[in-house]
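*Asks:* Kindly generate the corresponding structure for this input.
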Amino acid sequence: MTDLSDIKAEARARAFARRKLAWGQGHAAQAGLLAEVLASHRGCPLAGYLPMRTEIDPLPAMEEAARHGPVGVPVTPKRGLPLSFREWSPGCEMADGGFGTLIPAAGNWIVPEVLIVPLVAFDRRGGRLGYGGGFYDRTLAALRAEGPTLAIGYAWAAQEDDGLPLEDTDAPLDLIVTESEVIRP
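*Replies:* I've put the predicted structure just below:
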């Protein structure tokens, strides 16, 4: 394989398999370290995500953060645009957001200063392999152009991969939090 898209597809396939195994094994306090990291940013606008399939679950940490300040979840736009974030709270009414996602049925739009980023694979240098749509790369570029934005990659430790096929447009992570450690690139 020499085409970068083929190399990324192969890396994603391997990472999805590792993620599925990690998800199957579970972890009782998987969001504990994430909650600790977020505690130092209480009151700052924050955006997380609602887990799908075998993604590690940030909801316990997001629920704690929502007691202290606004928390949003992504609303997926048309391809080629950055994400926007609608305010979320535990138990709020949800609606179909397309692409198999749910979004709050109503609520304010927020601009996060702290962003919990889902991913397929990561490395210890802050590299992130996403799903391939570029939504988080565009979103982080837009947010960082407006001001400081802390990007926290959240993943199972098994999703680590030192050989990620990255491009210049792949937005780096500032921290990576797993169920077992906090990695500071």
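
*Asks:* what's around residue 95, how many residues?
*Replies:* 12 (other C-beta atoms under 10 Å). Just so you know, the C-beta spots here come from the backbone N, C-alpha and C atoms, and that holds for glycine as well.

*Asks:* Check residue 168 too.
*Replies:* When neighbours are defined as other C-beta under 10 Å, residue 168 has 4 of them.

*Asks:* Can you pull the phi/psi pair for residue 119?
*Replies:* Residue 119 has phi and psi values of phi -160, psi 170 when expressed as degrees, to the nearest 10.

*Asks:* Would you mind measuring from it to residue 67?
*Replies:* 26 Å (C-beta to C-beta, to the nearest Å).

*Asks:* quick one, which of those two is more surrounded?
*Replies:* residue 119 (21 against 10).

*Asks:* pLDDT at that one, what is it?
*Replies:* Residue 119 carries a pLDDT value of 94.

*Asks:* isn't it right up against residue 161?
*Replies:* No: counting by C-beta atoms under 8 Å, residue 161 is not a contact partner of residue 119; they are 10.3 Å apart.

*Asks:* who touches both of the two?
*Replies:* Residues touching both residue 119 and residue 161 (C-beta atoms under 8 Å, 6 or more residues apart in numbering): residue 129.

*Asks:* For the helix or strand harbouring residue 6, list every residue counted as buried.
*Replies:* Here residue 6 sits within helix 4-25, counting by DSSP states H and E. If you call a residue buried by 16 or more other C-beta atoms under 10 Å, then helix 4-25 has these buried ones: 8, 11, 12, 15, 16, 18, 19, 22, 23.

*Asks:* Redo these as TSV? Include pLDDT and distance to residue 153.
*Replies:* TSV is the format used below for those (pLDDT from 0 to 100; distance: C-beta to C-beta, whole Å):
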residue	pLDDT	distance to residue 153
8	90	17
11	90	15
12	91	15
15	89	13
16	89	16
18	92	15
19	91	13
22	90	15
23	90	16
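
*Asks:* how about JSON lines for those, with distance to residue 55 added?
*Replies:* Shown next, in JSON lines, are those (distance: C-beta to C-beta, whole Å):
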{"residue": "8", "distance to residue 55": "18"}
{"residue": "11", "distance to residue 55": "17"}
{"residue": "12", "distance to residue 55": "14"}
{"residue": "15", "distance to residue 55": "12"}
{"residue": "16", "distance to residue 55": "11"}
{"residue": "18", "distance to residue 55": "13"}
{"residue": "19", "distance to residue 55": "8"}
{"residue": "22", "distance to residue 55": "10"}
{"residue": "23", "distance to residue 55": "8"}
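
*Asks:* Out of the residues you listed, which comes closest to residue 36?
*Replies:* Comparing the buried residues of helix 4-25 against residue 36 with C-beta to C-beta places residue 22 closest, at 20.1 Å.

*Asks:* nearest residue to residue 129 other than its sequence neighbours?
*Replies:* residue 121 (4.2 Å; C-beta to C-beta, 6 or more residues apart in numbering).
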